[in-house]
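>>> Need coordinates for the below:
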Amino acid sequence: MGGSRSARFDHTNTNVMDLQQRIDADIRTAMLAREKDKLNALRAIKSAILLELTKEGGQGGLDEAVGMRILQKLHKQRMESATIYHQQGRADLATEEEVQAKVIEAYLPQRMSDAEVESSVREVIAVLGATGMGDMGRVMGEANKRMAGKADGSMVATMVKRLLTGG
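From the prediction side, this is the model:
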């Protein structure tokens, strides 16, 4: 259901059209296997991609970065909903959201560890010659490009602040 690391969507050498084709194939498979939660998650992904294509006028499809942002947003929404349901004592609904989040997660690139994020941020700071908080915007822009979909944005921002302030 959640998929193993080897079954993850390798976004480095494919495009969003391939993602759409994989989603369509996985929807058919989930329908045949009667996997309701997986099917709901896959339909949400397909719907979000089609909505974005409609916004863009349907010209040429989505680029990889937009596809990854869509997946990250859907994953984050599911996790936030699960947290709220847990707080409200609705374990049944929380579990459903967590299962769907796991399905969506299988299409995202593998997350970087804290050490990997720190190393990448240090490299960006060195390359840009950043010396203080005045350089935060430039560092964040480059760091977000390098780690798109691989690290949580708030974690990157916290790391950048800490390293730029000498903390």
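>>> mind checking how far stretch 75-88 is from the chain centre?
If you compare the mean C-alpha spot of stretch 75-88 with that of the full chain, they lie 16 Å apart, counting by Cα atoms, centre = their mean, to the nearest Å.
>>> residues in contact with that stretch?
With Cβ atoms under 8 Å, 6 or more residues apart in numbering as the contact definition, stretch 75-88 has outside contacts at 41, 91, 93, 94, 95, 97, 98, 100, 101, 104, 105, 108. C-beta here means a position set from N, CA and C on the backbone, and glycine is covered the same way.
>>> Go again with 6 Å.
93, 94, 97, 98, 100, 101, 104, 105 (Cβ atoms under 6 Å, 6 or more residues apart in numbering).
>>> Alpha carbons only: can I get the strand or helix carrying residue 84 in CSV?
Using DSSP states H and E, the element containing residue 84 is helix 64-87. Taking Å, rounded to 0.1, in the frame of the first residue of the first chain, the C-alpha atoms of helix 64-87 are listed here in CSV:
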residue,chain,number,x,y,z
GLU,A,64,8.3,18.5,-12.7
ALA,A,65,8.5,21.1,-10.0
VAL,A,66,4.8,21.9,-10.1
GLY,A,67,4.0,18.2,-10.0
MET,A,68,6.1,17.7,-6.9
ARG,A,69,4.5,20.8,-5.2
ILE,A,70,1.1,19.3,-5.9
LEU,A,71,2.1,16.0,-4.3
GLN,A,72,3.7,17.8,-1.3
LYS,A,73,0.6,19.9,-0.7
LEU,A,74,-1.7,16.8,-0.9
HIS,A,75,0.6,14.9,1.5
LYS,A,76,0.8,17.9,4.0
GLN,A,77,-3.0,18.2,3.9
ARG,A,78,-3.5,14.6,4.7
MET,A,79,-1.0,14.7,7.6
GLU,A,80,-2.6,17.9,9.0
SER,A,81,-6.1,16.3,8.8
ALA,A,82,-4.8,13.2,10.6
THR,A,83,-3.4,15.3,13.4
ILE,A,84,-6.7,17.2,13.8
TYR,A,85,-8.7,13.9,13.8
HIS,A,86,-6.4,12.5,16.4
GLN,A,87,-7.0,15.6,18.6
